[in-house]
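> just to be clear, the model below is a prediction. Sequence and coordinates:
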Amino acid sequence: MTTKQLLKVENLKQYFPIKGGFLGRTVNHVKAVDDITFTINKGETVSVVGESGCGKSTTGRAILRLDEPTEGTVEFDGQDVLGLSKAEMRKMRSDMQIIFQDPYASLNPRKTVRQTLNEAMEIQNVVPKKERNDKIIELMETVGLQRHQIDRFPHEFSGGQRQRIGIARALSVNPKLIICDEAVSALDVSIQAQVLNLLKRLQREMDLTFLFIAHDLGVVRHISDRIIVMYLGKIVEMGETKSIFENPQHPYTKALLSAIPVPNPKKKSERIFLRGDVPSPIDPPSGCRFHTRCPFATDKCREEIPVLEAKDEIYEGRHTVACHYALDIQSGKHEAKYEMTNVRKVLDEEGMDNESMAKEREDAKN
Ligand SMILES: Nc1ncnc2c1ncn2[C@@H]1O[C@H](COP(=O)(O)OP(=O)(O)OP(=O)(O)O)[C@@H](O)[C@H]1O
């Protein structure tokens, strides 16, 4: 894999206005994405994970300017995406494609596969007219559809096949980056695996870069080079997949990981239950946004926003976390006594069964 940077997202914010009153004035904002920074290298698969509403899809849409970002910069292949004119942006869209969760909703039910793929190529004008039919057949075969299905409508296909049409449509304009927004979430598990394998193969063969958006860490484990964990509009942790799975730092990442079913019945899994619901992105909590649900939260977490900090000496800059607690442990400043009262309080009040957190508390003490 080359290490050339393809996408650079810096200090990206997406605030959606909330209108109110007779005059329809902006009375507040939904802080859907609030100051996030990350990069994706050419040929990489980076996944953004987190609970519903944490801002994953908004991030994808903002990169493509399907919604105009409030603040920040997006650089794609060295070009300032947010500075492009409408015409330049249209051209750029052939380099950056998106595949949505529900292929049925994103395909025109009145258009056959031939018409759908032809339309995509026509809009972007990347394939000469007389070559389009051959290209459509080639694309269908590439994604595992058969050429005799070319004049069929979306309702004549299964969910997995429809997602393959969506992939073929994205590929038809020779993209460099494909954003897969919950692209396999609506499919049965076995079909999910087929589509993920297809995407992996296409990546190898066509030199593609993927930004995967998913709520399920288990699904993206085997396809991702790196993982970005988001909570309430912020990145709380990011790192190489192996590192995130084997050495998660943020209590939220640990909770997400603990929710993945373990196939081995002999292996005891310790589920971390988070208390309460995700707070509103209109009025997010002060300090660390996760503090209202975090068993380790201290006064510092309520007051200071943790910075996504790379601990180079430990992770060689490849794994970063925004959490006072995790950073205190890493730097040896962790005060076990303080954490103990905190965790015990949560356990007492809410009857939580957080064995792994209790164990960690002990480890930190020793
Ligand atoms: N156009 C919009 N106008 C107002 N609020 C919006 C808009 N789009 C998204 N939001 C809000 O922004 C927040 C983030 O939404 P987003 O769809 O990015 O979350 P998500 O992490 O992708 O969730 P899911 O997994 O359910 O798709 C949510 O609170 C959502 O209600």
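Right, received. Where do you want to start? These numbers come from a predicted model, not from an experiment.
> close to the ligand: what parts of the protein are there?
Residues of the chain that fall close to the ligand, judged by CB under 6 Å from any ligand atom: 16, 30, 32, 50, 52-58, 215, 281. Quick note: C-beta positions are derived from backbone N, CA and C, even for glycine.
> what lies in contact with the longest helix seen in the chain?
In the chain, taking DSSP state H as the definition, the longest helix is helix 189-206. Residues external to helix 189-206 that are found in contact with it (CB atoms under 8 Å, 6 or more residues apart in numbering): 43, 45, 142-144, 158-160, 163-164, 167, 171, 178, 180, 183-184, 187, 208-210, 219, 222-223.
> and V33, that one's in a helix?
No: secondary structure of V33, determined by DSSP: H, G, I helix; E, B strand; the rest coil: strand, with no helix assignment.
> distance of it from V220?
19 Å (CB to CB, to the nearest Å).
> higher neighbour count, the two?
Here V33 and V220 are set side by side on neighbour count (other CB atoms under 10 Å), and the busier one is V33, at 30 against 23.
> give the contact list for the more buried one.
Applying CB under 8 Å, 6+ apart, we find V33 in contact with L12, K13, Q14, G55, T58, T59, A62, P69, G233.
> quick one: which of the residues you listed sit in helices?
Secondary structure assignment (DSSP H) places T58, T59, A62 from the contacts of V33 within helices.
> just say helix, strand or coil for the residue nearest in space to the middle of the chain.
Relative to the mean C-alpha position of the chain, the nearest C-alpha, by CA atoms, centre = their mean, is the one of V48, at 2.0 Å. Using three-state DSSP as the criterion, the local structure at V48 reads strand.
> my guess is it contacts H215. True?
No: under the criterion of CB atoms under 8 Å, V48 makes no contact with H215, lying 9.8 Å away.
> kindly indicate which of the residues of the chain next to the ligand lies nearest K4.
Each of the residues of the chain next to the ligand was scored against K4 by CB to CB, and K56 proved nearest at 25.0 Å.
> what's around the closest one, how many residues?
Neighbours of K56 (other CB under 10 Å): 25.
> domain parsing for the protein?
Residue ranges for the domains of the chain, per automatic domain parsing: 5-228, 247-263+271-365.
> mind putting those domains in a markdown table, distance to G239 and mean pLDDT included?
Rendered in a markdown table, the data for these read as follows (distance: least, CB to CB, whole Å; pLDDT from 0 to 100):
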| stretch | distance to G239 | mean pLDDT |
| --- | --- | --- |
| domain 5-228 | 7 | 92 |
| domain 247-263+271-365 | 3 | 73 |
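> please enumerate the helices of the stretch 1-150 of the chain.
Listed in chain order, the helices of the stretch 1-150 of the chain (DSSP state H, counting those that start in this stretch) span 56-63, 86-92, 103-106, 113-124, 132-142.
> please identify the most buried of these.
helix 56-63 (a mean of 23; mean count of other CB atoms under 10 Å).
> elements contacting it?
In terms of contacts (3 or more CB pairs under 8 Å, 6 or more residues apart in numbering; DSSP states H and E), helix 56-63 is packed against strand 5-20, strand 25-41, strand 45-49, strand 71-76, strand 177-181, strand 209-214.
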